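Asks: Structure, please.
(2 chains)
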There are 2 protein chains.
Amino acid sequence: MKRVGIVGGGQLARMLALAGHPLAIQCDVLDPAPDPSAATVLRRQFAGGFEDRAALEALADDCDVVTFDFENVTAQPLAHLAARVPVRPPTRALAIAQDRLQEKNYIAGLGIPVAPFMAIDAQPQLELACERLGLPLLVKTRRLGYDGKGQWRIDSLADCEAVTQALAGTPAIAEAWVPFERELSIIGVRAADGQTRYYPLTQNCHDHGVLAFSVAPAPRGEALQAQAEAIAKMLLDSLEYVGVLAIELFERDGRLIVNEIAPRVHNSGHWTIEGAHCSQFENHLRAVCDLPLGSTASRGASLMVNVLGRWPDRQRLLAVPGLHLHDYCKAERAGRKIGHLSLSADCRSKLWAQGRQMLQLAGLEHLSASLERALA
Amino acid sequence: MKRVGIVGGGQLARMLALAGHPLAIQCDVLDPAPDPSAATVLRRQFAGGFEDRAALEALADDCDVVTFDFENVTAQPLAHLAARVPVRPPTRALAIAQDRLQEKNYIAGLGIPVAPFMAIDAQPQLELACERLGLPLLVKTRRLGYDGKGQWRIDSLADCEAVTQALAGTPAIAEAWVPFERELSIIGVRAADGQTRYYPLTQNCHDHGVLAFSVAPAPRGEALQAQAEAIAKMLLDSLEYVGVLAIELFERDGRLIVNEIAPRVHNSGHWTIEGAHCSQFENHLRAVCDLPLGSTASRGASLMVNVLGRWPDRQRLLAVPGLHLHDYCKAERAGRKIGHLSLSADCRSKLWAQGRQMLQLAGLEHLSASLERALA
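Replies: Numbering: from 1, shown residues only, chains lettered A, B, ... in the order given. This is a model prediction of the structure:
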């Protein structure tokens, strides 16, 4: 019986805890919320902020290993814990992933392709970036942005002032717009002994900056898999990583460009619960608990659709043949990720009829054409 | 959010509770043990005996529906609860299944083939049974036997006295020995609106009276599936059943004979967690909670191996490619079911190499030849 302490008690912690039970791995979480998503599947919750050293230490003292379920945990207090208990993935990966400038510098420093970028601290730099990197330009805060929050698009120099005002002095990064053909992600896992495994590339469709659906394995992904795995391996090895790492990628002309990394299990890997032999959640636990890694091979083709804001009628959802429903037990709130749906079949073409129904039920019928293309 | 109360907190309750979480269904259990298998995955445990009316009522008052995880719960106190809350499956099914004589009478009364049988209350009847039903003869207590306990085999009239002594007046049933070719089971599920679904037939291999492994779908099962479903449908409909019902069958000359029924999720259906689109556990919850039934279609071929008594080395188990480990979090004790292992692949023949390894690790290498035949 192993105990894993998770800093953060959201849906990723919830699905980690659920993956742990069959292996007799029980999870504790540290979360300031009174009733976080993971609450009902835990061994124990420690209530406290993510920088609360006493709470972090209590969590560590109750567990064999500490991990985290999102990357905006401050790395410093966590690094401090490493003297008491293994902290996995390493806090260095966390520190890098939570600062977009450090992240880009680190990835580019390994020779991995990223979009051209520039640090932004004030308006003159923003105007300079427009000149150097071209328009349109993406501006993102260095820290704390996610799901399209803390991001702006500049289409002309005239936009610079408004973005400068919105930033209000927050350190930022400007990135050249990449006219990509599609968004992909690869999820890799590394064990403490250096063994690595990779799930097949996933194709992702975003809507208003938030992941709407994923198809896996990505169509025509075989030709890109080796390239994606090489990128992932460089990152995993150079960070001496232990656990699951997600890498968001753009494809352009057969080349992969890294958009960002997440040092944790990832929304674009939720399909692995039903669609792979061993899910990203189980593999993360296996890695951090020093158990052998599980098979990352896919089982047929899978589609994952996020449920945002409100739950559609469950009776109708559960009547969709083969549909799996994952309720995160979170309160409904506009735009909030409160669950996901997934579907698996022998081949991609068999996902279309039920997939379209899922999109409709999830209020995403406007993405039907995107889904049709993704399944083609 | 639905709440399901389960009478009994063993591994079946545990796997029901785990299947409930993604659907936001939480389970309570009533169990007298201080730390039953399901303890770590529950909403709440009510401590108490299965006939403790106050504890049963407390469970019912906390839940939307009450079910049970084994058939030796006394039906009477449960039936009493039905005034407060739906009890599913119906307690009539429970009452029938927990008395082998009633069970056989009921099944035979529907015109479903069973082995010839006779009620036994004293030695003269036992000797009469030997004459009428022939030798060898199986003698089983009417109540409370499971996994080969409370069962005796009579090979000659000379055995009658010893069996009579062992019975010590306990009401029993004698059954003619069926020279079956193999043991199969079918798991069906019925919704309150009468809709039924069936998993593919499973082939089971017992060792010393306890299920050792299951292969699903059963080889050459397609030809028998309609016959098995017709038997299951007759039972489900006539009992106005709601939930999962398991039926153990013998195959002889292409005909199916019912051995026994279990009004609950069943060990021979554990493969459905990874091997079917919707597991028996999820389907039981869907049925008792009035949600649409899930797909019972299999995903490739599956092998399930029970772990009895002691855990083999987990590092070695988890290194078997594609293996899923299910630890029931029960104390080790000779012969006790403490977990199971499962494996899925595109086709049966691909299960052999890892399947043999699983048997070896589970201390069941003496069943390798049986597995080879089952996978042929």
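Asks: can I assume residue A:161 sits in a helix?
Replies: Yes. If the criterion is DSSP: H, G, I helix; E, B strand; the rest coil, then residue A:161 is within a helix.
Asks: Now for the closest residue in space to it that isn't next to it in sequence: which residues touch it?
Replies: Excluding the flanking residues, the one nearest residue A:161 by Cβ to Cβ, 6 or more residues apart in numbering or on different chains is residue A:123, at 7.0 Å. The way it works is simple: take the backbone N, C-alpha and C, and place the C-beta from them, glycine included. Counting by Cβ atoms under 8 Å, 6 or more residues apart in numbering or on different chains, residue A:123 makes contact with A:160, A:161, A:164.
Asks: can you check residue A:103 too?
Replies: Per Cβ under 8 Å, 6+ apart, neighbours of residue A:103: A:96, A:97, A:260, A:261.
Asks: Tell me who's in contact with the residue nearest to the spatial centre of chain A.
Replies: Against the mean C-alpha coordinate of chain A, by Cα atoms, centre = their mean, the closest residue is residue A:266 at 3.0 Å. Listed by Cβ under 8 Å, 6+ apart, the contact set of residue A:266 reads A:185, A:187, A:244, A:246, A:280.
Asks: any idea how far the residue lying closest to residue A:374 once chain neighbours are set aside lies from residue A:352?
Replies: Nearest non-adjacent residue to residue A:374, counting by Cβ to Cβ, 6+ apart: residue A:215, 4.6 Å away. Counting by Cβ to Cβ, to the nearest Å, the separation of residue A:215 from residue A:352 is 11 Å.
Asks: returning to what we had before: could you dump the contacts of residue A:123 into a markdown table and include neighbour count?
Replies: Below are the contacts of residue A:123 laid out as a markdown table (neighbours: other Cβ atoms under 10 Å in any protein chain shown):
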| residue | neighbour count |
| --- | --- |
| A:160 | 21 |
| A:161 | 12 |
| A:164 | 20 |
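Asks: related to what we said a few turns ago, next one: phi and psi at the residue nearest to residue A:374?
Replies: Here is the backbone geometry of residue A:215 (degrees, to the nearest 10): phi -120, psi 130.
Asks: who are the neighbours in contact with it?
Replies: Contacts here follow Cβ under 8 Å, 6+ apart; on that basis residue A:215 touches A:202, A:203, A:301, A:302, A:303, A:348, A:351, A:371, A:374, A:375.
Asks: Show me the one in those residues that has more neighbours than the rest.
Replies: Scoring those on neighbours with other Cβ atoms under 10 Å in any protein chain shown, the highest-scoring entry is residue A:202 at 29 neighbours.
Asks: contacting residues around that residue?
Replies: Taking Cβ under 8 Å, 6+ apart, we find residue A:202 in contact with A:184, A:185, A:186, A:187, A:214, A:215, A:216, A:217, A:218, A:268, A:269, A:271.
Asks: again with residue A:75
Replies: So residue A:75 contacts A:91, A:92, A:94, A:95, A:98 (Cβ under 8 Å, 6+ apart).
Asks: try residue A:10
Replies: Contacts of residue A:10 by Cβ under 8 Å, 6+ apart are A:31, A:36, A:37, A:38, A:69, A:70, A:328.
Asks: for residue A:65, what are its contacts?
Replies: Residue A:65 neighbours (Cβ under 8 Å, 6+ apart): A:2, A:4, A:5, A:85, A:86, A:87, A:88, A:288, A:289.
Asks: what ranges do the helices span in chain A?
Replies: Assigned by DSSP state H, the helices in chain A fall at A:11-20, A:53-62, A:75-81, A:91-97, A:100-109, A:123-133, A:160-167, A:222-238, A:272-275, A:280-288, A:314-318, A:352-361, A:368-375.
Asks: export the ones you listed to JSON lines and tack on distance to residue B:342?
Replies: Listed next are those as JSON lines, based on distance: least, Cβ to Cβ, whole Å:
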{"stretch": "helix A:11-20", "distance to residue B:342": "15"}
{"stretch": "helix A:53-62", "distance to residue B:342": "31"}
{"stretch": "helix A:75-81", "distance to residue B:342": "36"}
{"stretch": "helix A:91-97", "distance to residue B:342": "33"}
{"stretch": "helix A:100-109", "distance to residue B:342": "39"}
{"stretch": "helix A:123-133", "distance to residue B:342": "52"}
{"stretch": "helix A:160-167", "distance to residue B:342": "53"}
{"stretch": "helix A:222-238", "distance to residue B:342": "28"}
{"stretch": "helix A:272-275", "distance to residue B:342": "15"}
{"stretch": "helix A:280-288", "distance to residue B:342": "13"}
{"stretch": "helix A:314-318", "distance to residue B:342": "24"}
{"stretch": "helix A:352-361", "distance to residue B:342": "26"}
{"stretch": "helix A:368-375", "distance to residue B:342": "30"}
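Asks: Quick one, which of the ones you listed gets closest to residue A:140.
Replies: helix A:100-109 (5.6 Å; Cβ to Cβ).
Asks: and the closest one, average pLDDT?
Replies: For helix A:100-109, mean pLDDT rounds to 97.
Asks: and what of stretch A:315-332?
Replies: Mean predicted lDDT for stretch A:315-332 stands at 96.
Asks: That stretch near chain B at all?
Replies: Yes. On the criterion Cβ under 8 Å from any Cβ of the partner chain, stretch A:315-332 is in touch with chain B at A:315, A:318, A:319, A:321, A:322, A:323, A:324, A:325, A:326, A:327, A:329.
Asks: My read is that the fifth one contacts residue B:277, right?
Replies: Yes. Shown here, residue A:322 and residue B:277 form a contact pair, counting by Cβ atoms under 8 Å, at 4.9 Å.
Asks: shared neighbours, these two?
Replies: Joint contacts of residue A:322 and residue B:277 (Cβ under 8 Å, 6+ apart) are A:344, B:294, B:295, B:297.
Asks: Any chance of a markdown table for these, columns neighbour count and distance to residue B:136?
Replies: Shown next, in a markdown table, are the shared contacts of residue A:322 and residue B:277 (neighbours: other Cβ atoms under 10 Å in any protein chain shown; distance: Cβ to Cβ, whole Å):
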| residue | neighbour count | distance to residue B:136 |
| --- | --- | --- |
| A:344 | 24 | 47 |
| B:294 | 27 | 42 |
| B:295 | 17 | 42 |
| B:297 | 14 | 39 |
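Asks: chain center to the lowest-mean-pLDDT helix or strand in chain A, what's the gap?
Replies: Sorting the helices and strands of chain A by mean pLDDT, DSSP states H and E puts helix A:75-81 at the bottom, at a mean of 89. Its chain's C-alpha centre and that of helix A:75-81 lie 21 Å apart, by Cα atoms, centre = their mean, to the nearest Å.
Asks: farthest-separated two in the contacts of residue A:103?
Replies: A:96 and A:260 (10.8 Å).
Asks: Comparing the two, which shows the higher neighbour count?
Replies: residue A:96 (23 against 20).
Asks: Spit out the contact partners of the more buried one.
Replies: Contacts of residue A:96 (Cβ under 8 Å, 6+ apart): A:102, A:103, A:106, A:239, A:261, A:263.
Asks: Which of those residues has the largest number of neighbours?
Replies: residue A:263 (29 neighbours).
Asks: quick revisit: okay, the contacts of residue A:75 in CSV with neighbour count next?
Replies: Formatted as CSV, the contacts of residue A:75 follow (neighbours: other Cβ under 10 Å):
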residue, neighbour count
A:91, 22
A:92, 16
A:94, 25
A:95, 19
A:98, 20
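Asks: Poorly predicted segments of chain A, please.
Replies: Along chain A, segments meeting pLDDT under 70 span A:145-148.
Asks: Enumerate the residues of it near chain B.
Replies: A:1, A:18, A:21-24, A:26, A:40-41, A:43, A:277-278, A:286, A:291-292, A:294-295, A:297, A:299-300, A:314-315, A:318-319, A:321-327, A:329, A:344.
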